[in-house]
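Novice: Quick one, what's the 3D model for this:
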Amino acid sequence: MEEQERGFETLEFYQDSLKLLKASYRLAETLPNYERYNLSNQLRRASCSILLNIAEGYGRYHYLERLRFLYIARGSLAETLSVFIIAQTLNYCTDAQLDWSRELKQKIEKKLNGYCRFIRNQQQGGSEYGKQYIPSSK
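Specialist: Residues are numbered from 1 along each chain as shown. This next block holds a predicted model:
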């Protein structure tokens, strides 16, 4: 089956990002109330952003647009790990939770980087629209 026909939700790094999302929401629920609008909110937003940007990138035609959203997802992945690091530093989560999230982040990032290489090599839309990124108008 072709990559396009499978859908973004079957990508292994998307599935792993769902696991990280669940862990992020579990951690956010356990944070103190005074972190509700700071760390909890940031953790939920960052972990959601990973998944949403993978999906949005997958839905774009031109390879440079696809890559742009995948790079944003990669940044949100780093941000999510950073919140786990902060949470562990403030004793809101255990070393084991941080280690697990760090390992999963590395696994997701490795697969995401491989997918970015695939997209870059494929260069879908490059012959029709050129090989320079043109931001869409707002």
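
Novice: Report the contact partners of the residue nearest to the spatial centre of the chain.
Specialist: Centroid-nearest residue in the chain: Ile50, 2.4 Å away (criterion: C-alpha atoms, centre = their mean). Residues in contact with Ile50 (C-beta atoms under 8 Å, 6 or more residues apart in numbering) are Ser17, Leu20, Leu21, Ala73, Ser76, Leu77, Thr80, Ile108. Where you see a C-beta, it was placed from the backbone N, CA and C, and this is true even at glycine.

Novice: now the helices for this structure?
Specialist: Listed in chain order, the helices of the chain (DSSP state H) span residues 3-6, 12-30, 41-59, 63-89, 95-122, 126-129.

Novice: distance between the second one and the chain's centre?
Specialist: This points to helix 12-30. 11 Å (C-alpha atoms, centre = their mean, to the nearest Å).

Novice: got any ranges where the chain has weak pLDDT?
Specialist: The chain contains residues with pLDDT under 70 at 1-5, 125-138.

Novice: one more time with 50, if that's ok
Specialist: The model of the chain has pLDDT under 50 over residues 1-4, 137-138.

Novice: Now the closest residue to Leu39 other than its chain neighbours: phi and psi?
Specialist: The shortest distance from Leu39 to any non-neighbouring residue, by C-beta to C-beta, 6 or more residues apart in numbering, is to Leu31 (5.7 Å). Dihedral pair for Leu31: phi -70, psi 150, per degrees, to the nearest 10.

Novice: so who does Leu31 touch?
Specialist: Contact analysis of Leu31 by C-beta under 8 Å, 6+ apart lists Leu39, Ser40, Ala87, Tyr92.
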